[in-house]
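Engineer: return a 3D structure for these sequence lines:
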Amino acid sequence: MAGWQLAFDEHVLWFDPYLSRFDSTADGGALRVRPDVIEDLIASQRILGPPEVIMISHGHFDHLNDVPYLLGRQGWAVRTMLPMGTETHRHLLGAMGYRGPVVEVRGGEQLSFAGGAYTIRVIPSLHSQGKDYGYSFPGTLTAQPDPPATIRDLPEGGTLAYLVTIRDRLSVLLFGGTNFVERELAGLRPDVVAVCMTFHNAVDRYLERLLTVLGGPAYVLPSHHDDMVTGFDDPRLPGTVHASAISELKEAVRSLGLRTEVIAPAHLTDVEF
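Structural biologist: Numbering: from 1, shown residues only. Now for the predicted structure:
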């Protein structure tokens, strides 16, 4: 549960749309796309599309894997869909067969779309760090590699956060990693924040610092807090959510004395603001 869809008026935006949810430990970590699951989600309108923009937080499989398939989906390919990410992410998309345009960003960009109906601010960010102070598959690319075959072939390639502001209505801050650059968030006051809740053992006072620098957002939603494997076609999916992540976030809000509302999202279920 690390991907998000934003739908408002006639606009649809996606963030890290990982829908295949394959077992990354099987077959040596072989990459896999599940068109059956993806097409069922689209046909049943549990996800909407095509999106105008696909925001990529970083290059790991559980964020990038399905993006080339979605960009090349029959019936959608005639529409302008803009993937957005770093130079590494552009090289990975090319290696995975995508030949269309990429909005290459580094962080710091403030971009306007649909005649100013919404803006996207790209924010330099960081990947999660566990008790050993590291994370899987770091690194960047300066040229297109061979077609990736396993999850190891998809390096992080830099991590970005995105602030989407719908003009005169709402701002939503989306994180794809359980870490952040505090100075890059100073002064931001988003209405809604999707807070990553994977491992953060090595990150000093992660939630305390994040919620404080953002000034106590009106709403926060835990993200990236399930097993990432159980499929959308599996009835056991609701039971894979880590309840401890929700409790930890609620306790952080309580201990800081904030009025922030913690919303526990369910898979493929709308949250309206």
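Engineer: what about this protein, any weak spots by pLDDT?
Structural biologist: For the chain, applying pLDDT under 70 flags the ranges 78.
Engineer: for the longest helix seen in it, buried residues please.
Structural biologist: Secondary structure assigned by DSSP state H gives helix 243-255 as the longest helix of the chain. For helix 243-255, the neighbour count (16 or more other Cβ atoms under 10 Å) marks Ala245, Ile246, Glu248, Leu249, Lys250, Ala252, Val253 as buried. From N, CA and C alone the C-beta is placed, and that goes for glycine too.
Engineer: could I get those as JSON lines with distance to Gly158?
Structural biologist: Formatted as JSON lines, the buried residues of helix 243-255 follow (distance: Cβ to Cβ, whole Å):
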{"residue": "Ala245", "distance to Gly158": "25"}
{"residue": "Ile246", "distance to Gly158": "29"}
{"residue": "Glu248", "distance to Gly158": "27"}
{"residue": "Leu249", "distance to Gly158": "26"}
{"residue": "Lys250", "distance to Gly158": "31"}
{"residue": "Ala252", "distance to Gly158": "27"}
{"residue": "Val253", "distance to Gly158": "30"}
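Engineer: how about the secondary structure of Leu111?
Structural biologist: strand (DSSP: H, G, I helix; E, B strand; the rest coil).
Engineer: and it, how far is that from Ala161?
Structural biologist: Using Cβ to Cβ, to the nearest Å, Leu111 is found at 14 Å from Ala161.
Engineer: then Gly49?
Structural biologist: Gly49 is 23 Å from Ala161, where distance means Cβ to Cβ.
Engineer: try His60
Structural biologist: His60 sits 15 Å away from Ala161, taking Cβ to Cβ as the criterion.
Engineer: neighbour count: those two, which is higher?
Structural biologist: The residue with more neighbours, out of His60 and Ala161, is Ala161; 28 against 25, by other Cβ atoms under 10 Å.
Engineer: many thanks, have a good one.
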